[in-house]
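Undergrad: 3D, please:
(2 chains)
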Amino acid sequence: MKKLSLLVCLILVLGAFGGILTVAAQDEPLVVFGAFATPIEEPWDGVIHAALLNAQEEGLIDYTFQDEIGYSGDMEIVLREVADELQPAIIFGDAFGNEEAVRRVARDYPEIAFVFGSGLGPSQPNLSVFDNWIHEPAYLSGLIAGSLTESNVIGVVGGYPVPEVNRIINAFVQGATEANPDAEVLVTFLNSWFDPAAAKEAALAQIDAGADVLFAERFGVIEAAQENDLLAFGNMSDQNELAPETVVTGPVWNMEPTVNFVINQVAAGSYTGLDLKDFSMMGQGGASLAPYHGFEDTLDPDLLEMVATRQQEIVDGLFRVDINEELPAESLVPGDGTIGG
Amino acid sequence: MEFLLTLLGATLRIATPILYGALGEMIVERAGILNLGIEGTMLLSAFGGFVAAQLSGSIYLGLLIAVAIGVLLSLLMGFLSITLGLNQHVSGLGITLFASGLALFLFRIIYGGESIPPALEESFPQLRIFGGTSLEPVFSQYVFTYAAFLLVPLLAWLLYRTSFGLRLRSVGENPEAADTAGISVFRTRYVALLMGGALMGLGGAFLSLAQLGAFTHGIINGRGWVAIAIVIFGNWRPWRVLAGALLFGGLQALQLRLQAEGVQLPYEIFLMLPYVMTIVAIAITGRNASYPAALLKPYRREG
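TA: Numbers count the residues shown, from 1 in each chain, chains lettered A, B, ... in the order given. Take a look at the predicted model:
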């Protein structure tokens, strides 16, 4: 304790000599706050939280957070309080459902970097936006799903048809119909982010309608596939552990490239409001296909090679997956896309 | 035909947790108490049962704990609304807030930081009664579902054919008269609450120990509130409560199937179907609703 107060005195004295304090501050971890509308157990905010925890473990940031802030006005109160009291260098969070509040507060605190998940654009000088741009691995998952289906019917269960979800589902459908032009994709929405029992029932209804491969945009679907000895694809994180015999792979989101980029920018004093979407895509390691966990031994080697080739093309910038944020069509007219074209 | 059979099978599954909740709430309300703690009770029971089953490796112990939590929370509801005579709306909502908060708080302490929801190695299996026949999709249900349907005649018998049922109904209609006749209003109401709590606990356990074998946020997702509406729809009678649960479950199963079959209508129309129909049904039947006369009224002896 004595040592600590000595250190504080020392820093203050040194600080009096001007300029030196800022050098000392750069060696300190940045103070970072996380502001989440949902519980951190929700997969979307969970990915952001995990990346920030990781940065804290590496000693880059000093991280505190508040979750379950909700959508009824508390976001603005929390952000203003944190900006005044904690005075963090960066606030990460999710602005979906709280766009106006986040933007109002960001305008009033230009010295703080606001980095928020958002469906809208960045705003100068200090508001950056990101989103889970995992349509690329969703497309790759679709390629595999289209090849695996024997009934030519694939089921997808989603939460809400918001742009982010539509993007993932449409990319999955693009992959599935490219690999299998006869594939029909059934899409069901729950209008809930968290109702696994309803998600399971929706998946069971799709199985009754002939689906033999399922894409679990939400929790609950994998259980239905497992119960019927079918294959499924997870979403957002590696979900193989839920049902190792069932979950082939799936798109995974990783916020670490985004978090590290922002930390570096702020530490270097060159931060500005940006759309950080590239850092959530495969090229920067922000999106990936989950490990196969043994499925590489049972899947067709030609299929795996085709997926690996396409993945490399995406990473190298030679192939772009369509970004389509329209409501997915209920049943698709088979496309004329060919693999490797 | 197969469409109808799978639809019926899904209807029974979806109706099960709602039927448990509604039957539990019905008993409690017949004794004169509105238990708005139902939503939180179902959530904490689903959670407690799940944790107990995972730690002990026994789904039966999990079931027991889920029921015990339902009973304990109802005991608290009884203390607030019967012993202290507090406002039932406030007591019930307080219990829902408390139980939901506690479940999610403990969930974070025990399973915090995991990116996928925890699941049981072994959950309750489905019992296939007519395996191999065309009826299989209807009768491939969890034991909870069969038990729920057996409960309906049992509760009808209990309410209308036993002296306990008569006492229970009388404290819900006219506690003063019941007291005069030598019936303990307090004790009868407590017993009704505890029975109701046990059933709510079973409803929660069905979701976490059988249907999903996992626990996440949103596992109840308003099923407790739907159960309260079903009780009103059912006019506080077991068979009509069953009909209400089946109507809601059936419409939910139907809308999921219509979405899956690719019927070309905005999906929102399907989603609202069960809720709209429930409102319509209540609007039609609710005009003749015969509330238990002493519902919401705390009982105090005068003098």
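Undergrad: going forward, measure contacts between C-alpha atoms and count neighbours the same way
TA: Fine.
Undergrad: Quick one: check the strand or helix carrying B:G48 for contact with chain A.
TA: Under the criterion of DSSP states H and E, B:G48 resides in helix B:38-56. No. Under the criterion of C-alpha under 8 Å from any C-alpha of the partner chain, chain A is not reached by helix B:38-56; the shortest gap measures 12.4 Å.
Undergrad: now do stretch B:1-16
TA: Yes. Looking at stretch B:1-16 against chain A by C-alpha under 8 Å from any C-alpha, the contacts come from B:3, B:6, B:10, B:14.
Undergrad: Let's verify A:V252: helix, strand, or coil?
TA: In three-state terms, and counting by DSSP: H, G, I helix; E, B strand; the rest coil, A:V252 is strand.
Undergrad: That one - how many residues pack around it?
TA: Applying other C-alpha atoms under 10 Å in any protein chain shown, we find 27 other residues in the vicinity of A:V252.
Undergrad: what does B:M1 give?
TA: Burial of B:M1, expressed as a neighbour count using other C-alpha under 10 Å, amounts to 7.
Undergrad: On the pLDDT front, check it for me.
TA: The predicted local confidence for B:M1 comes out at a pLDDT of 78.
Undergrad: same deal with A:V333?
TA: At A:V333, the pLDDT value in this model is 34.
Undergrad: Now do the strands in chain A.
TA: Taking DSSP state E as the test, the strands found in chain A are A:30-35, A:61-66, A:90-94, A:113-117, A:127-130, A:153-158, A:184-189, A:213-216, A:231-233, A:251-253, A:287-289.
Undergrad: before we move on, the earlier item: and the buried ones among the residues of stretch B:1-16 next to chain A, selectable in PyMOL?
TA: The PyMOL command for the buried members of these (criterion: 16 or more other C-alpha atoms under 10 Å in any protein chain shown) is given here:
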select buried, chain B and resi 6+10+14
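Undergrad: so where's chain B uncertain?
TA: Along chain B, the model assigns pLDDT under 70 to residues B:113, B:303.
Undergrad: how about the residues of it that lie near chain A?
TA: Taking C-alpha under 8 Å from any C-alpha, the part of chain B that reaches chain A is made up of B:3, B:6, B:10, B:14, B:108, B:112-119, B:207, B:211-212, B:216-221, B:253, B:256-257, B:259-264, B:267, B:271.
Undergrad: Among those, name the ones in helices.
TA: B:3, B:6, B:10, B:14, B:108, B:253, B:256-257, B:259-260, B:267, B:271 (DSSP state H).
Undergrad: want to try CSV for those residues, with distance to A:W253 as columns?
TA: What follows is these, written out as CSV (distance: C-alpha to C-alpha, whole Å):
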residue, distance to A:W253
B:F3, 38
B:T6, 36
B:A10, 33
B:I14, 32
B:R108, 22
B:A253, 32
B:L256, 28
B:R257, 31
B:Q259, 28
B:A260, 27
B:Y267, 28
B:L271, 29
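Undergrad: Spatially central residue in chain A, please.
TA: Among the residues of chain A, the smallest C-alpha distance to the mean C-alpha position (C-alpha atoms, centre = their mean) belongs to A:N132, namely 3.5 Å.
Undergrad: Tell me which stretches of the stretch 151-300 of chain B form helices.
TA: Taking DSSP state H, counting those that start in this stretch to define them, one finds helices in the stretch 151-300 of chain B at B:163-173, B:175-180, B:185-205, B:223-233, B:238-260, B:267-285.
Undergrad: so the longest one versus strand A:153-158, what angle?
TA: In other words, helix B:238-260. 110 degrees (axes from the mean of the first three to the mean of the last three C-alpha atoms, to 10 degrees).
Undergrad: helices or strands next to helix B:238-260 in the packing?
TA: In terms of contacts (3 or more C-alpha pairs under 8 Å, 6 or more residues apart in numbering or on different chains; DSSP states H and E), helix B:238-260 is packed against strand A:184-189, helix A:196-208, helix B:2-30, helix B:143-161, helix B:223-233, helix B:267-285.
Undergrad: B:Y190: which of those is closest?
TA: Judged by C-alpha to C-alpha, the one of the helices and strands packed on helix B:238-260 that comes nearest to B:Y190 is helix B:2-30, at 8.9 Å.
Undergrad: So which bits of the closest one are buried?
TA: For helix B:2-30, the buried set under the neighbour-count rule, 16+ other C-alpha under 10 Å, comprises B:5-30.
Undergrad: Next: stretch B:139-147.
TA: Along stretch B:139-147, the positions that meet the burial threshold by neighbour count (16+ other C-alpha under 10 Å) are B:139-142, B:144-146.
Undergrad: contact partners of it?
TA: The set of residues external to stretch B:139-147 that reach it, using C-alpha atoms under 8 Å, 6 or more residues apart in numbering or on different chains, is B:9, B:12-13, B:16, B:124-131, B:202, B:206, B:210-211.
Undergrad: do that again at 7 Å, thanks
TA: Contact with stretch B:139-147 is made by B:9, B:13, B:16, B:124-130, B:206, B:210, as judged by C-alpha atoms under 7 Å, 6 or more residues apart in numbering or on different chains.
Undergrad: Pop the domain breakdown of chain A in here.
TA: Per the record, chain A has its domains at A:25-130+A:255-284, A:135-250+A:290-315, by automatic domain parsing.
Undergrad: thinking again about what came up before, quick one, phi/psi of the residue nearest to the centre of chain A?
TA: Reported as degrees, to the nearest 10, the phi and psi values for A:N132 are phi -90, psi 90.
Undergrad: what residues are up against it?
TA: A:253, A:280.
Undergrad: go on, A:I61?
TA: Under the criterion of C-alpha under 7 Å, 6+ apart, the neighbours of A:I61 are A:29-32, A:55.
Undergrad: same question, B:L159
TA: Listed by C-alpha under 7 Å, 6+ apart, the contact set of B:L159 reads B:165-166.
Undergrad: For chain A, see how far away it is.
TA: Taking C-alpha to the nearest C-alpha, to the nearest Å as the measure, B:L159 falls 32 Å from chain A.
Undergrad: now do B:S100
TA: Between B:S100 and chain A the computed distance is 13 Å (C-alpha to the nearest C-alpha).
Undergrad: before we move on, what SS does that residue have?
TA: helix.
Undergrad: Next, count neighbours for it.
TA: Counted with other C-alpha under 10 Å, the neighbours of B:S100 add up to 20.
Undergrad: A:G317 too?
TA: By the measure other C-alpha under 10 Å, the count of residues near A:G317 is 11.
Undergrad: Excluding covalently adjacent residues, which one is nearest to it?
TA: Take A:G317 and drop its neighbours on the chain: the residue closest to it by C-alpha to C-alpha, 6 or more residues apart in numbering or on different chains is A:G283, 7.6 Å away.
Undergrad: ok, residue 223 - contacts?
TA: Since you didn't name a chain, this refers to chain A. Listed by C-alpha under 7 Å, 6+ apart, the contact set of A:E223 reads A:200, B:212.
Undergrad: you looked at the wrong chain, it should be chain B
TA: Contacts of B:R223 were listed using C-alpha under 7 Å, 6+ apart, and they are B:I18.
Undergrad: Kindly report the same for B:G92.
TA: Listed by C-alpha under 7 Å, 6+ apart, the contact set of B:G92 reads B:35-37, B:77.
Undergrad: So which residues on chain A come close to chain B?
TA: Within chain A, the residues that sit near chain B (C-alpha under 7 Å from any C-alpha of the partner chain) are A:41, A:43, A:46, A:186-188, A:194-197, A:202, A:205-206, A:209, A:223, A:237, A:239, A:330-331.
Undergrad: Perfect, I'm done here.
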